[in-house]
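**Student:** mind looking at a prediction? Sequence and model below.
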Amino acid sequence: MWIEQRVWTAATGWVVSGSRGGPPSLALYFAAPDSLPADSILADLRAAYGDVPLVGCTTGGEIAGSEVLDGSVVAT
């Protein structure tokens, strides 16, 4: 299994870390309610991951690596 993480913040836009290593089979995303409009999140993740299943929810804090963020979107 390979894990890639994408983090969106207003300051940096999307930043990718980790290694995909192969085609994705699932993408999970966690978004602050005031981060991006849902259609923008979905369009960006579809462009990155194609037609894989996307599962997401809103959060009160997003975890990226060892950081806890606010006002961001994290996709794994």
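**Tutor:** Yes, it's here.
**Student:** tell me where the chain has strands.
**Tutor:** Secondary structure of the chain, counting by DSSP state E: strands at 4-9, 13-18, 27-31, 54-58, 62-64, 67-69, 73-75.
**Student:** need the residues that contact the second one.
**Tutor:** With contact meaning C-beta atoms under 8 Å, 6 or more residues apart in numbering, strand 13-18 is reached by Trp2, Ile3, Glu4, Gln5, Arg6, Val7, Trp8, Thr9, Asp44, Ala48, Gly65. The C-beta positions use only the backbone N, C-alpha and C, and glycine is treated the same way.
**Student:** top of those by number of neighbours, please.
**Tutor:** Trp8 (26 neighbours; other C-beta atoms under 10 Å).
**Student:** for it, which residues are in contact?
**Tutor:** With contact set as C-beta under 8 Å, 6+ apart, Trp8 has these partners: Trp14, Val15, Ser35, Leu36, Ile41, Asp44, Ser72, Val73, Val74.
**Student:** mean pLDDT for the strands of the chain - can I get that in TSV?
**Tutor:** TSV is the format used below for the strands of the chain (pLDDT from 0 to 100):
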stretch	mean pLDDT
strand 4-9	93
strand 13-18	92
strand 27-31	95
strand 54-58	95
strand 62-64	93
strand 67-69	93
strand 73-75	95
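**Student:** please identify the deepest-packed of those strands.
**Tutor:** Compared across those, strand 73-75 shows the largest average neighbour count, a mean of 24 (mean count of other C-beta atoms under 10 Å).
**Student:** can you give me how far it is from the chain middle?
**Tutor:** What separates the centre of strand 73-75 from the centre of its chain is 3 Å, taken as C-alpha atoms, centre = their mean, to the nearest Å.
**Student:** also stretch 43-61?
**Tutor:** 6 Å.
**Student:** start to end distance for that stretch?
**Tutor:** Stretch 43-61 has an end-to-end distance of 22 Å (C-alpha to C-alpha, to the nearest Å).
**Student:** what sits up against it?
**Tutor:** 6, 8, 14, 23-33, 36, 41-42, 68-70, 75.
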